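Peer 1: My questions are about this predicted structure, shown below with the sequence.
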Amino acid sequence: METLEQIKTRAEAAVPGAKLAVVANGSAGNPDSLRVDSASAVAVARFLRDDSRLRLDYASNVTGVDWLEKRVSEVVLVKKVVDEVEQEFEQTVERVEPGYMEVVYHLYSMELQQGPVVLRLRTGNRTDDVRVPSLTPVYRGAELQEREVYDLYGIVFEGHPDLRRLLMWPEFLDHPMRRDYVEPDDYEYEPTPHGEVLTKAKGHFPR
C-alpha cells in the first residue's frame, strides 16, 4: 500500500481545499494517522473508499479520545541589549494548549486486503464546539460506533441518521469517558448496592 504521505498528497489533489496532516505515533508498532479538517472529511473518506489503489471500504473501529487542556514549556531565544550590545539569551516560556476531542477511524480494504489507514477528526474544543461530520453516509458500519462515541464522549456527529445514546439511558446527563468525568455518589440507579457502591450509597440513606 502507498505511504501515508502519498495518500495525503493524492487526497489533497482529489479534494481541493482539504486540509490534511500526518500525525506521528510515538508508540512502537502503531501506525501514524491522517488528520482531516471537518469541512473536507466526508469527501476525503469517499476518496479513500472509492480510489482504485486504496479501496478502503471497511471502517473496523471508531473510537473517541479526550485531550485535556495542558501547559507546555518551551525554550525560546530572546534578544536583549547588554552594555549597549545586543545579545541572545535562552528563556523558558509557558503556553496553554486548549483541550479538544478526536474521533479516530481505522479503515481497511477488504477488496485489496490492505490497511489500516487511521483517520482523525478533531473538534474545536471540549465545551461548546464538539461537532464533527458523521462518516456513516460513507461507512454504514460506523453508525453504532459513532453513537457510542456520542454517548460516552458527547461528540455530536452532524449528518448521523439516528444520533442518540447507545449505552446510557436517555435521561443521563453526562459522558462517562470524558477524562474530567466525576461519577455520582448516590447510585440511585443501583438496586442492590454492595462493596464501595454500598459505602457511598449509605451516605444517602435516611437517618
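Peer 2: Perfect, thanks for sending it. Numbers count the residues shown, from 1 in each chain.

Peer 1: When you work out contacts or count neighbours from here on, use the C-alpha atoms and nothing else.
Peer 2: Will do.

Peer 1: Quickly note the distance from the closest residue to Lys70 other than its chain neighbours to Val72.
Peer 2: Excluding the flanking residues, the one nearest Lys70 by CA to CA, 6 or more residues apart in numbering is Glu97, at 5.4 Å. Distance, Glu97 to Val72, by CA to CA, to the nearest Å: 7 Å.

Peer 1: and the chain, what are its domains?
Peer 2: 4-67+101-166, 177-207 (automatic domain parsing).

Peer 1: Buried residues in the helix or strand bottoming out on mean pLDDT in the chain, which are they?
Peer 2: Across the helices and strands of the chain, mean pLDDT, DSSP states H and E gives its lowest value to helix 195-201, namely a mean of 76. Within helix 195-201, the residues scored as buried using 16 or more other CA atoms under 10 Å are 200-201.

Peer 1: Could you point out which residue ranges in this structure have low pLDDT?
Peer 2: 185-191, 193, 204-207 (pLDDT under 70).

Peer 1: and Glu88, how many neighbours?
Peer 2: Glu88 is flanked by 12 other residues according to other CA atoms under 10 Å.

Peer 1: tell me the phi and psi of the residue positioned nearest the centre of the chain?
Peer 2: Closest residue to the average C-alpha location of the chain: Glu102 at 1.2 Å, with CA atoms, centre = their mean. Here is the backbone geometry of Glu102 (degrees, to the nearest 10): phi -130, psi 150.

Peer 1: Surely it is in contact with Val65?
Peer 2: Yes - the criterion here is CA atoms under 8 Å, and Glu102 meets it with Val65 at 5.1 Å.

Peer 1: what sits against the residue nearest to Lys70?
Peer 2: Going by CA atoms under 8 Å, 6 or more residues apart in numbering, Glu97 touches 69-72.

Peer 1: State the distance from it to Tyr153.
Peer 2: Taking CA to CA as the measure, Glu97 and Tyr153 are separated by 20 Å.

Peer 1: And stretch 12-28, end to end?
Peer 2: Using CA to CA, one end of stretch 12-28 lies 28 Å from the other.

Peer 1: which residues touch Gln91?
Peer 2: Going by CA under 8 Å, 6+ apart, Gln91 touches 75-78.

Peer 1: Show me what it is bridged to.
Peer 2: Counting by DSSP bridges, Gln91 is bridged to Val76.

Peer 1: Equivalent analysis for the one 10 residues further on, please.
Peer 2: Beta bridges link Met101 to Asp66, judged by DSSP bridges.

Peer 1: begin at 47 from here
Peer 2: Sure, I'll start counting at 47 from here, so that last one is Met147.

Peer 1: Just to check, it is in contact with Arg166?
Peer 2: No - contact between Met147 and Arg166 fails when scored by CA under 8 Å: they sit 10.1 Å apart.

Peer 1: before we move on, the earlier item: wait, what's in contact with the residue nearest to the centre of the chain?
Peer 2: Counted by CA under 8 Å, 6+ apart, Glu148 has contacts 110-113, 166-169.

Peer 1: One more pass at 10 Å, please.
Peer 2: The neighbours of Glu148, taking CA atoms under 10 Å, 6 or more residues apart in numbering as the test, are 81, 109-113, 165-172, 176, 178, 195, 199, 201.
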